[in-house]
Structures are given as C-alpha cells and as structure tokens.
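K.L.:
need coordinates for the following:
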Amino acid sequence: MESVSSGTQPRIEPAPSRYSMPDPIDAAPGEDLVAVGADLEPGTLLSAYRSGMFPMPVDPNRRRSKIAWYSPDPRGIAPLDGLHVSRSLRKSMRHFEIRMDTAFSEVVRACGSPNRPGWWITDEIVNAYEELFRLGWAHSIEVYSQNELVGGLYGVRINQFFAGEAMFRTARDASKAALVGLVAWLNETGATLLDVQWKTDHLASLGVIEIDRREYLSLLRDAISEPEK
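P.N.:
Residues are numbered from 1 along each chain as shown. Model prediction:
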C-alpha cells in the first residue's frame, strides 16, 4: 500500500449562508433530526458542519427534495489513535494503492449508487460536494487494485476536523482500506476529530465508538479552532 499524500489545493471561503443554523445542543437528547429546510450552497454546508450537523434529503426519490439536517445523539467517531487494523486487512492492503483527491466525483457517485441499500446521495448532493471539492473543503480517498477503482470514501475537512460522509467498495476490504488511508493522512496533518456520523457494525470492527452529542460538540469546537498543519 502506498501512503496518502496531503491534499494541496487552496481553500476558498464561500459566501456566508443566508440561513441561520440551529444549535444542536438545544435538540432533545437522542433525537438525531435537528432541522429541515435551507439549501446546499457551500456556505450553508460549511456552517452546518461547523455547527455539528450534516445534510440528507428528506425524500431522495423526489426531485429537489427538502433537506434534513442531522446531529446524531450518540455520535459515531473514529479515534485517530485507536483504529483496529486486523491481520486479514493488513494482508488485503498489500494489494491496494491508496490515492487522494484524484477521482473525487467518481467516488461520490459510486457511494451514491441507487442500487445501494439506504440510498440517499442524489444528483443535488453530488453537485453540492463537487463544489465543496472545487473550493478545497471536500476530499476523497481512493482505493485502486491493478489501476481499477475498487473502493473509497469522501468527506469534509475543516481545520483539524474531518466529517466522513460515505464510503463504497467493490472489492473485499476496500472501504476499510480507504478508512486506514484517511486516518494516516489525518494523523500526518495533526487532525483531532474524525466524525463518521453513526456507528455501524462495519465501522465498529475498525474501532469506531459512540459519544453523546454534548461531548461531540465540545470536541468539534476545539478541532475547528485549531488551524490545519
């Protein structure tokens, strides 16, 4: 496995959102859905992430669906010093090449295949994150085998915070390899918080844990206040 190089594209701060984001700390404990509405403009997305929220369409099967904003309680995070890499995963990774920011659109669209269970990544979502990528805020990790894209993930980086959005694989262990590559890059660049939204069995096998929303928001404030190295 080749190491991941840091993303070098400059970040451009977009125009501020015309919407005021709610504070998730005011949401009822255990309630993941915080708000509905607003838009997916870059300024709105960054404001949401800085507030501890992320978007999903209310109804992905409807064109121009309203946007729901989530702040899960509890929240899934991946401890950057506690990733579990099994012996079998280490063996699989010998056959992968890890790249970064070389196929962003392909990764997002693969994550958003309508054939996947729980599909939610609409064309509107794809376009929004492609714009964040163009502005230098979104990143992808790509996993290749014999020069074929077989896995990856994408998300948003704000200073020492990374919000993982989605991952995919067409080869065994490829999405796990993408997470290993992401953690390597985050550790190299001094990140302190890796958000994965919800803890799943798949992510739990890699060491993902859950924390309550209040603790998450405290860690988030610290991470986004520390400049990226």
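K.L.:
please enumerate the strands of this protein.
P.N.:
Applying DSSP state E to the chain gives strands spanning 33-36, 54-57, 67-70, 75-77, 97-100, 138-145, 148-158, 161-169, 193-197, 209-211.
K.L.:
and the fifth one, what does it pack onto?
P.N.:
Same thing as strand 97-100. With contacts defined as 3 or more C-beta pairs under 8 Å, 6 or more residues apart in numbering; DSSP states H and E, strand 97-100 has these neighbours: strand 138-145, helix 174-188. Where C-beta positions appear, they are placed from N, C-alpha and C, glycine not excepted.
K.L.:
how about these, which one is nearest D73?
P.N.:
Comparison of the helices and strands packed on strand 97-100 against D73 by C-beta to C-beta identifies helix 174-188 as nearest, at 22.8 Å.
K.L.:
before we move on, the earlier item: among the strands of the chain, which is nearest D222?
P.N.:
With C-beta to C-beta as the criterion, D222 lies closest to strand 193-197 of the strands of the chain, at 7.8 Å.
K.L.:
and the closest one with strand 148-158, angle?
P.N.:
With axes from the mean of the first three to the mean of the last three C-alpha atoms, to 10 degrees applied, the angle from strand 193-197 to strand 148-158 works out at 110 degrees.
K.L.:
by contact count, what packs against strand 193-197?
P.N.:
Using 3+ C-beta pairs under 8 Å, 6+ apart, strand 193-197 sits against strand 75-77, strand 161-169, helix 174-188, helix 213-225.
K.L.:
now, of the strands of the chain, which is deepest in the fold?
P.N.:
Among those, strand 138-145 has the highest mean neighbour count (mean count of other C-beta atoms under 10 Å), at a mean of 25.
K.L.:
report the inter-axis angle for it versus strand 161-169.
P.N.:
Strand 138-145 runs at 30 degrees relative to strand 161-169, counting by the same axes, to 10 degrees.
K.L.:
send the alpha carbons of strand 138-145 over as PDB?
P.N.:
Once non-C-alpha atoms are left out, strand 138-145 reads as follows in PDB (Å, rounded to 0.1, in the frame of the first residue of the first chain):
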ATOM      1  CA  ALA A 138     -14.000  18.300   0.400                       C
ATOM      2  CA  HIS A 139     -11.600  15.400  -0.100                       C
ATOM      3  CA  SER A 140     -11.700  11.800  -1.300                       C
ATOM      4  CA  ILE A 141      -9.600   8.800  -0.600                       C
ATOM      5  CA  GLU A 142      -9.500   6.300  -3.500                       C
ATOM      6  CA  VAL A 143      -8.500   2.600  -3.300                       C
ATOM      7  CA  TYR A 144      -7.200   1.000  -6.500                       C
ATOM      8  CA  SER A 145      -6.400  -2.600  -7.400                       C
END
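K.L.:
list the contacts of D73.
P.N.:
D73 makes contact with 27, 29-32, 212-213 under the criterion C-beta atoms under 8 Å, 6 or more residues apart in numbering.
K.L.:
let me know how buried the nearest residue to it once chain neighbours are set aside is, in neighbour terms.
P.N.:
Take D73 and drop its neighbours on the chain: the residue closest to it by C-beta to C-beta, 6 or more residues apart in numbering is R213, 3.8 Å away. Neighbour count of R213, defined by other C-beta atoms under 10 Å: 21.
K.L.:
what does the one 3 residues further on give?
P.N.:
By the measure other C-beta under 10 Å, the count of residues near Y216 is 22.
K.L.:
just the one 4 residues further on next, same as before
P.N.:
The burial count assigned to L220 is 24, neighbours taken as other C-beta under 10 Å.
K.L.:
all set now, cheers.
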